[in-house]
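J.: Got a predicted structure here, sequence first:
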Amino acid sequence: MSLGRRTPVAGSVMVVTGANRGVGLAFVREALAQGAATVYAGVRDPADVTKELRETEAEIVALDVTDREVIRRAAERCGDATVLVNNAGLHANDRLIMAKDPDAARREMEVNYFGPLETIRAFAPVIAGNGGGAIVNVLSVAAIAPTAFMGGYSPAKGAALYLGGIARAELTPLDIGVTSLILGSVDTRMAAHVDGPKEDPADIARAGLKAMGRGEWTVDTDRMARESRARQAMDPIRYEKALGKLLFVDQIRARP
């Protein structure tokens, strides 16, 4: 299998967006455990940081992915960065066409697509100036097929998947690899409405950092993601219809 730029965790200087909890916090913890030299934990409000994040050795950085000026200042502060993990995300829990809030999809696109676009633009020159490295985009199974019950989140993550591929092509000459992670159901606040088995965020972080170290381009990080990919490949129409039916159920349940 062809692989891209390999970036080890040990000795890296990593920036993680959306680091307060969930998958972002897991990336912070796992990177430090694997020997990252420095981890910058990006949060929207440094005055509102979880106890769990403060207990790590990460450096807290103001990083609101919807604010270009804040992103610019973060890139200046994290001038030794070699890895960027785009983890910050938003699921508005609304429909797309028949939305209760017509602005919800715009906010989801701002956080899930334009946010990573802006952070990549700001941090790519920094990473290149430090000899190259990696960008990791945390995505979702909602990126690989129209996921009706997730409303504007699905098209935003789909856009971010294509962003990763285009960024990879542009940044390869700068010795920067780009890895897109496809996540299934993970035990975070975003998936609180989903019943059934969920992945441990720590396992997702380990899988993501392993993929980065191997130079992989797009990786299904867990069982649900792999099985979703397989069902889509076997019968894409049936798979999309099944996702559409979930619009009309009272409780979303992950497969056991």
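T.: Nice, thanks for sending it over. As the structure is a prediction and not an experimental result, all values here were calculated from the model.

J.: so where is the stretch 151-256 of the chain shaky, pLDDT-wise?
T.: Within the stretch 151-256 of the chain, the segments meeting pLDDT under 70 span 188-196, 250-256.

J.: Quick one: the strands in this structure, in order.
T.: Using DSSP state E, the strands of the chain run over 13-16, 38-43, 59-62, 83-86, 133-138, 176-182, 194-195, 218-220, 252-253.

J.: Okay, now the sheet partners of the longest one, with direction.
T.: Paired strands of strand 176-182, with direction, are strand 133-138 (parallel), strand 218-220 (parallel) (DSSP bridges).

J.: any chance of those strands in TSV, with distance to residue 155 and mean neighbour count too?
T.: For every residue, glycine as well, the C-beta is placed using N, CA and C. Putting the strands paired with strand 176-182 into TSV (distance: least, C-beta to C-beta, whole Å; neighbours: other C-beta atoms under 10 Å) gives the following:
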stretch	distance to residue 155	mean neighbour count
strand 133-138	15	27
strand 218-220	18	20
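
J.: thinking again about what came up before, and the strands of the chain as TSV, adding distance to residue 206?
T.: Below are the strands of the chain laid out as TSV (distance: least, C-beta to C-beta, whole Å):
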stretch	distance to residue 206
strand 13-16	14
strand 38-43	15
strand 59-62	22
strand 83-86	13
strand 133-138	13
strand 176-182	11
strand 194-195	22
strand 218-220	12
strand 252-253	26
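
J.: could the strands paired with strand 176-182 go into TSV alongside distance to residue 15?
T.: Shown next, in TSV, are those (distance: least, C-beta to C-beta, whole Å):
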stretch	distance to residue 15
strand 133-138	10
strand 218-220	20
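
J.: Residue 33 is nearest to which of those?
T.: strand 133-138 (16.5 Å; C-beta to C-beta).
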